[in-house]
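Q: this one's sequence-less:
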């Protein structure tokens, strides 16, 4: 009778690596508070994409949002950007966290898609409180987006053009 341990399933090993990667990634973010989303969703639906487009990392968003703002509002848009740098920087910092949250969710989906790693997915989701993490990000981002929207109106810019 063979008593040698069986080699571990490669899919389980890969799942455990994702699990560990998620633990490391979440360590770069503030610990979730456990609060529900205060506003229930995203302020202005896709309005945040306008601010993602400002850093010009996504060509599709640049075309759909930033170029649209420049084309529709020209100097008004430039003046809004120049006079609201602190607000735009604050939004940008939280959007970096949102990108990290998105990466965590992509990794979680990988675990959920494989029947052999679903349990790992459920375990890490609970351990890291990914819903709470996302809620906290949006609870900090939504008021800043609302503030930006209100500021845009003061410059003669219709923020609803970018709500999508």
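A: Right, received. Where do you want to start? Bear in mind that the values here come from a model prediction, so they are computed numbers and not experimental data.

Q: could you say what helices and strands the one helix or strand residue 16 maps to packs with?
A: Taking DSSP states H and E as the criterion, residue 16 maps to helix 10-26. Here helix 10-26 touches helix 85-113, helix 118-128, going by 3 or more Cβ pairs under 8 Å, 6 or more residues apart in numbering; DSSP states H and E. Every C-beta, even on glycine, is put in place using the N, C-alpha and C of the backbone.

Q: With adjacent residues omitted, what lies nearest to the residue nearest the centre of the chain?
A: The residue lying closest to the centre of the chain (Cα atoms, centre = their mean) is residue 98, at 2.1 Å. Spatial nearest neighbour of residue 98, chain neighbours left out: residue 137 (5.4 Å); criterion: Cβ to Cβ, 6 or more residues apart in numbering.

Q: Confirm for me that that neighbour is in contact with residue 93.
A: No: look at residue 137 against residue 93 with Cβ atoms under 8 Å: they stay out of range, at 10.7 Å.

Q: When these two are compared, which one has more neighbours?
A: More crowded of residue 137 and residue 93, by other Cβ atoms under 10 Å: residue 137, with 22 against 12.

Q: which parts of the lowest-mean-pLDDT helix or strand in the chain are buried?
A: Lowest mean confidence among the helices and strands of the chain (mean pLDDT, DSSP states H and E): helix 59-61, at a mean of 84. For helix 59-61, the neighbour count (16 or more other Cβ atoms under 10 Å) marks residue 61 as buried.

Q: How about stretch 88-107?
A: Neighbour-count burial for stretch 88-107, with 16+ other Cβ under 10 Å as criterion, is recorded at 88, 90-91, 94-95, 97-98, 100-101, 104, 107.

Q: Sort out which one of those residues lies nearest residue 7 for me.
A: When the buried residues of stretch 88-107 are compared for distance to residue 7 (Cβ to Cβ), residue 107 wins out at 24.3 Å.
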